[in-house]
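Colleague: okay, predicted coordinates and the sequence, questions at the end:
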Amino acid sequence: MAERVAGVRLAPYTTLGLGGPAGAFAEAGSAEEIVELVAAADRAGEPVLVLGGGSNLVVSDDGFDGMVVRVASRGIEADGDRLTVQAGEDWDALVARAVAEGRSGIECLAGIPGQVGSTPIQNVGAYGQDVSQTVVGVRVYDRKNGDVTELSAHECRFAYRHSVFKDEPGRYVVLAVTYELPAVGGLSGPVAYRELAVRLGVALGERVPVARAREAVLELRRGKGMVLDAADPDSRSAGSFFTNALLSAAEAAELERRAPGFPRFDMPDGSVKVPAAWLIENAGFPKGYRRGAARISTKHTLALTNPELSATTADLLALAREVRDGVRERFGVTLVNEPVMVGVRL
Ligand SMILES: Cc1cc2nc3c(=O)[nH]c(=O)nc-3n(C[C@H](O)[C@H](O)[C@H](O)COP(=O)(O)OP(=O)(O)OC[C@H]3O[C@@H](n4cnc5c(N)ncnc54)[C@H](O)[C@@H]3O)c2cc1C
């Protein structure tokens, strides 16, 4: 069994560089070790935090009073179009490998930090792709039933930044993910995001060489501070702090009254998606807006950052609340946080 260490500070394990100590901390080098550690903590009645790359976490300054299981399992198995990947593999490295093999389906998800095992949790997505389009199965440890089982993509109930893993938080620990990534003549999936299509100089729906799609996405992401880079203070974030707003028809009508002509994307189910960045900027919070040691990224309105690594979690949340309340006051829309909160609430 992996060694348990007390009092490890969590800040260095998160991309925000925030978070106090863990009650206990252990690194799990295999799926078996992950299951052993989580099952032992459950038997002892200890709270468990499964820690991947820490790129979607806001951890309390008081830390986490329980067992932190840091996932470090490795291994990739190829079977025709399918890759089955252990949870602890680095996501961006997997994208690079798939692209080098000419496989398509995840090239637009290049540059997203974190581990493979976390990608189904919030159905990671960017530039017109999300993992629900390629995941065919997720091997999990089910803490409720105490067994290891395989969930189909259907059972994952994927939606925009959502899945069964968010519906039933903490129930499943992801051990491995199987993706279907066929090689389609070395071409990408149809380009489905306007900004990317413009960058590539193609029409929406066209395909380009898969490596070119990946490169273009990485360039766009670097321009927004959305690729981890020790030299870029804007990348000391948890990615987008707020999800885009999904409004009912009645809520959209109310917003139209307050902000005629607001940017809207009508969804097939009748709801209306509104870019959170537009709401934030138009509520008076420009890029670079600062509150104490926490700052909105100077390149991307949606990212809240700890630029000098001098902020506390309390500082970051004070900024997040100011933004959320300002948007609610101006537009009547309540923004929801994307990162997972550990021991704190927005
Ligand atoms: C600069 C930057 C850019 C980003 N861009 C994007 C983007 O474009 N699109 C996007 O969707 N996200 C983006 N993110 C958010 C983040 O990278 C993703 O959500 C990523 O999948 C988180 O992976 P992680 O391993 O770091 O997870 P962590 O932050 O370690 O954990 C996140 C959640 O998943 C749980 N978890 C982790 N591993 C497992 C497991 N094996 N089993 C069960 N639960 C687990 C944790 O308990 C926690 O609840 C960005 C973040 C940063 C910092």
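Modeller: Structure's in. What do you need?
Colleague: count of neighbours near residue 48?
Modeller: 20 (other C-beta atoms under 10 Å). Using the backbone N, CA and C atoms, a C-beta is placed for each residue, glycine as well.
Colleague: residue 232 and the ligand: what is the separation?
Modeller: For residue 232, the distance to the ligand (C-beta to the nearest ligand atom, to the nearest Å) stands at 9 Å.
Colleague: quick check, pLDDT for that residue.
Modeller: With respect to pLDDT, residue 232 scores 95.
Colleague: can you give me every residue that contacts it?
Modeller: Applying C-beta atoms under 8 Å, 6 or more residues apart in numbering, we find residue 232 in contact with residue 225.
Colleague: likewise residue 319?
Modeller: Residues counted as contacts of residue 319 (C-beta under 8 Å, 6+ apart) are 291-292, 294-296, 304.
Colleague: let's see 6 Å
Modeller: 291, 294, 304 (C-beta atoms under 6 Å, 6 or more residues apart in numbering).
Colleague: same question, residue 256
Modeller: Contacts for residue 256 (C-beta under 6 Å, 6+ apart) come out as none.
Colleague: could you verify that it is part of a helix?
Modeller: Yes. Checked against DSSP: H, G, I helix; E, B strand; the rest coil, residue 256 lies within a helix.
Colleague: residue 263 versus that one, what's the distance?
Modeller: To residue 263, residue 256 is 12 Å away according to C-beta to C-beta, to the nearest Å.
Colleague: how about residue 232?
Modeller: Taken as C-beta to C-beta, the span from residue 232 to residue 263 is 28 Å.
Colleague: list only those of the contacts of residue 319 flagged as buried.
Modeller: With burial judged by 16 or more other C-beta atoms under 10 Å, the buried subset of the contacts of residue 319 is 291, 294, 304.
Colleague: helix/strand/coil for the last one?
Modeller: It refers to residue 304. Assignment for residue 304 (three-state DSSP): strand.
Colleague: where does the stretch 151-300 of the chain come near the ligand, residue by residue?
Modeller: 173-174, 226, 228, 235, 237-239 (C-beta under 6 Å from any ligand atom).
Colleague: which of those sits closest to residue 51?
Modeller: Nearest to residue 51 out of these is residue 173 (C-beta to C-beta; 11.3 Å).
Colleague: hmm, what's the outermost residue in the chain?
Modeller: In the chain, the residue that sits farthest from the middle, by C-alpha atoms, centre = their mean, is residue 257; the gap is 32.8 Å.
Colleague: helix/strand/coil for residue 310?
Modeller: With three-state DSSP as the basis, residue 310 sits in coil.
Colleague: need the contact list for it.
Modeller: residue 293.
Colleague: other SSEs contacting the helix or strand bottoming out on mean pLDDT in the chain?
Modeller: Within the chain, confidence by mean pLDDT, DSSP states H and E is lowest for strand 265-266 among all helices and strands, at a mean of 92. Helices and strands touching strand 265-266, as assessed by 3 or more C-beta pairs under 6 Å, 6 or more residues apart in numbering; DSSP states H and E, are absent.
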